[in-house]
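1. Turn this into a model:
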Amino acid sequence: MLFGREPVLPIDDVVFRKADANIEQAQAKQQANFAKRRYKQKNFIEGDKVLRYNHRRADRKGGKQTDPWDGPYEVAQVGEKGLYCLINASTKVTLKTKVNGCNLKPFFEYIPEAPSVTPSPDVQIVGVKQEEISYKLSPLMVEIQ
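-> Numbering: from 1, shown residues only. Okay, the predicted model is just below:
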C-alpha cells in the first residue's frame with residue numbers, strides 16, 4: 001500500500017492490455033462462428049416452385065411418417081421482409097396468408113428419363129471355326145466343342 005492506495009505498476013498496464021486483446025480476439029471468433037451457423041435467408045423469385053413447412057405437424061405426437069413439407073407451391077408475389085405469397089401448383093389456388101422465407105425450401109421436380117434401348121451388336125466368336133459350333137434348342141444357347 002502506498003499512501004493508502006494500491007500502487008499502479010507498469011506490469012498492471014501490460015496485463016490489462018493483454019486481457020483486452022484476448023477478449024477482443026475471442027469476441028471476433030465467436031461472432032464469426034455465430035455468423036457461420038446463423039440461418040441465411042433464401043431468396044426466391046416469382047414462378048419458383050417451393051415446398052412449405054407444415055407447422056401443424058410439428059407439435060403433434062405420432063405421425064412421424066408424414067411428410068413435414070407441403071406442396072409444391074409457386075411463388076406468386078415477393079413481399080417485403082422475406083414474405084412470399086404462394087399459389088398451389090396443382091389447383092392454382094392462392095393461399096390466404098403470406099409465408100416467411102425461412103419456412104420455404106426449393107422444390108426440385110423429378111423428371112424420369114426414358115430408358116434408352118440400344119441394339120446389342122452381333123456376337124462374334126473369335127478363334128473358333130464355324131464347324132465346331134453346334135446349336136441346342138435355340139440360337140441363343142451356343143455350345144463350343
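2. where does Trp23 land in three-state SS?
-> Slight slip there: residue 23 is Ile, not Trp. Per DSSP: H, G, I helix; E, B strand; the rest coil, the secondary structure class of Ile23 is helix.
3. gap between it and Asp67?
-> As for Ile23, its distance to Asp67 is 47 Å (criterion: Cβ to Cβ, to the nearest Å). Where you see a C-beta, it was placed from the backbone N, CA and C, and this is true even at glycine.
4. hey, where'd the helices end up in this structure?
-> Secondary structure of the chain, counting by DSSP state H: helices at 10-37, 55-58.
5. Model confidence score at Asn54, please.
-> Listed pLDDT for Asn54 reads 88.
6. picking up where we left off before, out of the helices of the chain, flag the one nearest Val99.
-> helix 55-58 (10.2 Å; Cβ to Cβ).
7. where do the strands sit along the protein?
-> Using DSSP state E, the strands assigned to the chain run over residues 49-53, 69-78, 83-88, 99-100, 104-106, 133-136, 138-144.
8. got CSV for those, with distance to Lys29 and mean neighbour count too?
-> Shown next, in CSV, are the strands of the chain (distance: least, Cβ to Cβ, whole Å; neighbours: other Cβ atoms under 10 Å):
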stretch, distance to Lys29, mean neighbour count
strand 49-53, 32, 18
strand 69-78, 35, 17
strand 83-88, 34, 18
strand 99-100, 30, 16
strand 104-106, 30, 16
strand 133-136, 77, 10
strand 138-144, 70, 9
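9. can you tell me which of these comes nearest to Ile11?
-> Short answer: strand 99-100, nearest of the strands of the chain by Cβ to Cβ, at 54.6 Å.
10. For the closest one, which strands pair with it and how are they oriented?
-> As defined by DSSP bridges, the strand partners of strand 99-100 come to strand 83-88 (antiparallel).
11. ok, residues contacting the strand it pairs with?
-> 44, 50, 52, 73-79, 93-95, 98-101, 104 (Cβ atoms under 8 Å, 6 or more residues apart in numbering).
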